[in-house]
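**Q** any chance you could fold what I've pasted below:
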Amino acid sequence: MSTKLLLLLGVVLGVLLLATFIPGTEHSEPEVLSQLIESGHFVLEQNEIRVLEESYTLEYHPVDGYLLNSQGAIAANGATISLGHQTQYDHDFSPVYYQLAAGTPSGTQLISAQMGQYGLSMEVRVGLSSQTAKVVDVENLAVLDNNLISQFAVLLLAIRTEALDRNFTAAIPQALLSLPARIDGPNTVTFYSGDTEYEGKQFDLYLGDTVISLVEYAGRLVGLENRSQGTIGYDLDLLPSGFALVVQEEAVVPASFIEHEISFTSDDLTLVGTLTLPIGPNSQKMPAALLIHGSGPVDRDGNAAGMQMDAYRQLAHSLADIGIASFRFDKRGVGASEGNSALASRDDLVNDVRAALATLREQPQIDSFSVVLIGHSEGAYLAPILAAEDPTIAGVALLAGAARPLDEIIRWQVETLAQQQGLEGEALEAELMKQDQYTAFVKRSQGEWADYTVTELQAEIPWVTEDLAVQLKAAPLALSWLRQHFLTEPAETIALLDCPVLIISGEKDAQVPSSEAELLRQLLEMAGNNEVAVYVLPDLNHLLRYHPEEPNLIYRHLNEPVDPRVVEVIQDWIMERFGN
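**A** Got it, this is the predicted structure:
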């Protein structure tokens with residue numbers, strides 16, 4: 001059930017010829033000309049592969065303010081896509097209007113934003129379909145583009161001139177949302193282009209969950225880096241030999257635990273994980289926890305390409321602090337584990353968790369009768385399966401888990417997101433009908449996505465375009481995974497649990513409604529299980545972070561640790577099971 005936020009929040013494809021900015025003139029007065037303030041040629045690289053180029057100019061007009069023009073090209077899925085963009089700002093760098101156009105093989109996408117009397121109106125138009133949203137509070141507002149680096153250059157200008165506060169709101173027209181943002185710095189930093197060393201100024205931009213380091217040299221943005229995304233951008237005109245940011249190493253604090261990498265076998269695949277063992281004088285066998293991942297291609301720490309969640313590593317270390325060992329592993333096809341994550345069914349993942357549990361119990365330091373299961377998100381679906389079939393499991397912790405089947409949870413997500421975007425009435429019902437048609441296809445499907453042609457998918461799901469059908473065939477989640485989850489009733493398994501159960505949900509969870517916690521409690525107590533502890537924590541999101549803003553599907557606060565309340569509740573619950 002996890003989603004991810006890419007650098008600059010995603011990729012929108014296309015091209016548009018935009019109108020040239022021409023200041024108004026009168027025949028009787030001399031023409032007032034614009035002045036070129038800045039220009040450049042940015043490139044963005046991911047894993048040393050160039051994924052974006054953008055040339056830009058920034059002009060200043062004494063009457064109309066600033067005008068940013070840029071043209072770009074994106075390399076995506078083997079295709080080169082062109083972009084055209086224009087943003088006008090007033091004299092204080094407040095956005096007046098924004099336009100981006102993208103031409104895809106199936107048509108043109110137009111994204112726009114316009115400042116008006118009641119705020120900033122945003123629109124995304126694809127063919128005849130249009131979605132809109134509004135930002136009402138426009139004080140200290142910046143528009144940041146999904147694909148364009150040049151707007152970060154304007155952002156630094158606004159910050160340097162104190163036209164924009166360091167805590168501000170970022171409008172993201174492509175996503176039809178706004179995010180709280182802040183910028184820290186500058187701090188002196190060393191960077192290289194080829195063998196040449198430079199000393200510049202580093203600003204750290206906190207945009208939702210994303211942290212982007214912006215590097216300035218001689219008063220201009222010359223480079224940026226997002227380590228969690230593995231992306232680096234730089235001005236090719238100024239730094240033709242590339243860009244490398246020197247990062248100071250943090251001091252290593254001695255740990256209260258040791259970790260070993262362990263390989264094990266599941267379905268003829270070799271999977272790899274980490275055994276975390278507390279350091280202490282007690283030579284007796286110790287209790288342990290098996291950490292079970294959320295959905296998607298995530299590694300043993302909970303991280304995926306483009307998203308550094310790190311929750312499972314943090315939980316493992318917090319358990320070691322109270323003398324509890326743990327085991328976490330890379331899912332099949334991820335990290336050091338063999339296999340193909342995009343073809344992993346739900347049954348495959350259950351088999352992998354069974355194999356991991358057996359491996360944990362085989363370790364000589366572990367008390368095999370004192371093992372708890374901690375499942376997060378999809379892991380909260382899988383953990384009860386093992387506990388129901390194994391009466392020796394000492395307890396189950398369900399973090400951000402659901403009582404209803406996955407198809408019902410996804411429908412709730414679709415409805416919630418549509419309502420946040422302002423859809424209601426017939427428009428909302430139309431979106432839900434599309435989701436219901438998709439769900440019906442998944443439930444009656446056979447095999448995997450590769451077994452269906454684009455034409456067959458379009459015939460099965462009437463509203464699917466050719467582009468969307470291609471995306472479905474390349475989906476990171478197997479069709480069998482979806483089908484097995486959609487056709488499984490988790491309540492039947494939950495009712496079989498007779499071990500202690502801990503339930504933690506977040507009120508700000510936008511992927512699984514917090515009301516699922518009460519449904520889980522009711523199912524367990526109706527089945528006669530009275531050892532149930534339920535915590536619905538305010539301002540907690542799906543990825544177990546403190547989240548004071550309104551709930552949404554854009555992950556935030558990943559640069560911050562797992563909410564200490566979650567850690568404390570889990571520690572206390574386990575201590576009740578095993579004492580000191």
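
**Q** and the strands in the stretch 351-500 of the chain?
**A** 366-376, 395-399 (DSSP state E, counting those that start in this stretch).

**Q** let me have those in a markdown table, extended by distance to residue 349 and mean pLDDT.
**A** Using the backbone N, CA and C atoms, a C-beta is placed for each residue, glycine as well. A markdown table is the format used below for the strands of the stretch 351-500 of the chain (distance: least, C-beta to C-beta, whole Å; pLDDT from 0 to 100):
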| stretch | distance to residue 349 | mean pLDDT |
| --- | --- | --- |
| strand 366-376 | 11 | 97 |
| strand 395-399 | 16 | 98 |
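
**Q** hey, which of those strands is tucked in deepest?
**A** strand 395-399 (a mean of 26; mean count of other C-beta atoms under 10 Å).

**Q** so how far is that strand from its chain's centroid?
**A** 24 Å (C-alpha atoms, centre = their mean, to the nearest Å).

**Q** show me where the stretch 151-300 of the chain dips below the pLDDT cut-off.
**A** Counting by pLDDT under 70, the stretch 151-300 of the chain shows low-confidence ranges at 209, 228, 247-254, 281-283.

**Q** what ranges does it have for its strands?
**A** 167-172, 177-193, 196-207, 210-217, 220-226, 231-235, 244-245, 257-266, 269-278, 286-292.

**Q** sheet partners, orientation included, of the fourth one?
**A** Spelled out, it's strand 210-217. strand 196-207 (antiparallel), strand 220-226 (antiparallel) (DSSP bridges).

**Q** of all these, which one comes closest to residue 519?
**A** strand 196-207 (34.7 Å; C-beta to C-beta).

**Q** for that closest one, C-alpha coordinates in PDB please.
**A** Extracted as PDB, the C-alpha positions of strand 196-207 are listed here (Å, rounded to 0.1, in the frame of the first residue of the first chain):
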ATOM      1  CA  THR A 196      38.400  21.500  -9.800                       C
ATOM      2  CA  GLU A 197      37.400  22.300  -6.200                       C
ATOM      3  CA  TYR A 198      34.900  25.100  -5.400                       C
ATOM      4  CA  GLU A 199      33.600  26.600  -2.200                       C
ATOM      5  CA  GLY A 200      30.000  27.500  -2.300                       C
ATOM      6  CA  LYS A 201      26.900  28.000  -0.200                       C
ATOM      7  CA  GLN A 202      24.400  25.200   0.600                       C
ATOM      8  CA  PHE A 203      20.700  25.700   1.300                       C
ATOM      9  CA  ASP A 204      18.600  22.700   2.400                       C
ATOM     10  CA  LEU A 205      15.100  22.800   1.100                       C
ATOM     11  CA  TYR A 206      12.500  20.700   3.100                       C
ATOM     12  CA  LEU A 207       9.600  20.100   0.700                       C
END
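
**Q** ok, and which of the strands paired with strand 210-217 has the densest surroundings?
**A** Using mean count of other C-beta under 10 Å, strand 220-226 ranks as the most buried of the strands paired with strand 210-217, with a mean of 23.

**Q** dump the residue contacts of residue 217.
**A** 191, 198, 200-201, 223, 238 (C-beta atoms under 8 Å, 6 or more residues apart in numbering).

**Q** in those residues, find the pair that's most separated.
**A** 201 and 238, at 14.6 Å, using C-beta to C-beta across those.

**Q** neighbouring contacts of stretch 494-501?
**A** Counting by C-beta under 8 Å, 6+ apart, 384, 387-388, 391, 393-398, 403, 520, 523-524, 526-529, 531-533, 573, 577 sit against stretch 494-501.

**Q** quick one: end-to-end distance for that stretch.
**A** Separation of the first and last residues of stretch 494-501 by C-alpha to C-alpha, to the nearest Å is 10 Å.

**Q** circling back: any chance of the contacts of residue 217 in CSV, plus distance to residue 52?
**A** As requested, the contacts of residue 217 are exported to CSV (distance: C-beta to C-beta, whole Å):
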residue, distance to residue 52
191, 20
198, 23
200, 22
201, 24
223, 14
238, 17
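
**Q** closest to residue 79 among those residues?
**A** Looking across these and measuring by C-beta to C-beta, the closest to residue 79 is residue 223, at 26.7 Å.

**Q** so what's the closest one up against?
**A** Contacts of residue 223 (C-beta under 8 Å, 6+ apart): 191, 200, 214-215, 217, 232-235, 239, 243, 245.

**Q** same check on residue 275?
**A** So, once contact is read as C-beta under 8 Å, 6+ apart, residue 275 ends up touching 259-262, 325-327, 360, 363.

**Q** could you identify the most distant pair in the residues you listed?
**A** 261 and 325 (14.5 Å).

**Q** for those two, indicate the residue with more neighbours.
**A** Higher neighbour count among residue 261 and residue 325: residue 325, with 24 against 11, using other C-beta atoms under 10 Å.

**Q** which residue, neighbours along the chain excluded, lies closest to the more buried one?
**A** residue 288 (4.0 Å; C-beta to C-beta, 6 or more residues apart in numbering).

**Q** what does residue 370 give?
**A** Nearest one to residue 370, counting by C-beta to C-beta, 6+ apart, is residue 287 at 3.8 Å.

**Q** same question, residue 460
**A** residue 441 (4.7 Å).

**Q** before we move on, what about residue 381?
**A** residue 490 (5.7 Å).

**Q** cool, and residue 304?
**A** Nearest to residue 304 is residue 298, by C-beta to C-beta, 6+ apart, at 4.8 Å.

**Q** do residue 573 as well
**A** Going by C-beta to C-beta, 6+ apart, residue 573 has residue 502 as its nearest residue, at 4.6 Å.

**Q** what about the one you found, which helix or strand?
**A** strand 501-506 (DSSP states H and E).

**Q** quick one, that strand and strand 395-399 angle?
**A** Orientation check (axes from the mean of the first three to the mean of the last three C-alpha atoms, to 10 degrees): strand 501-506 against strand 395-399 gives 10 degrees.

**Q** one step back: contacts only, for the residue nearest to residue 573.
**A** Taking C-beta under 8 Å, 6+ apart as the test, what residue 502 contacts is 395-398, 533, 535, 569-570, 573.

**Q** now swap in residue 310 and tell me
**A** 301-303, 558.

**Q** and residue 226, by the same measure?
**A** Here residue 226 is in contact with 7, 210-213 (C-beta under 8 Å, 6+ apart).

**Q** per-residue pLDDT, residue 522?
**A** The model reports residue 522 with a pLDDT of 97.

**Q** cool, residue 96 as well?
**A** pLDDT at residue 96 comes out at 96.

**Q** which residue is the nearest non-sequential neighbour of it?
**A** Per C-beta to C-beta, 6+ apart, closest to residue 96 is residue 88, 4.4 Å.
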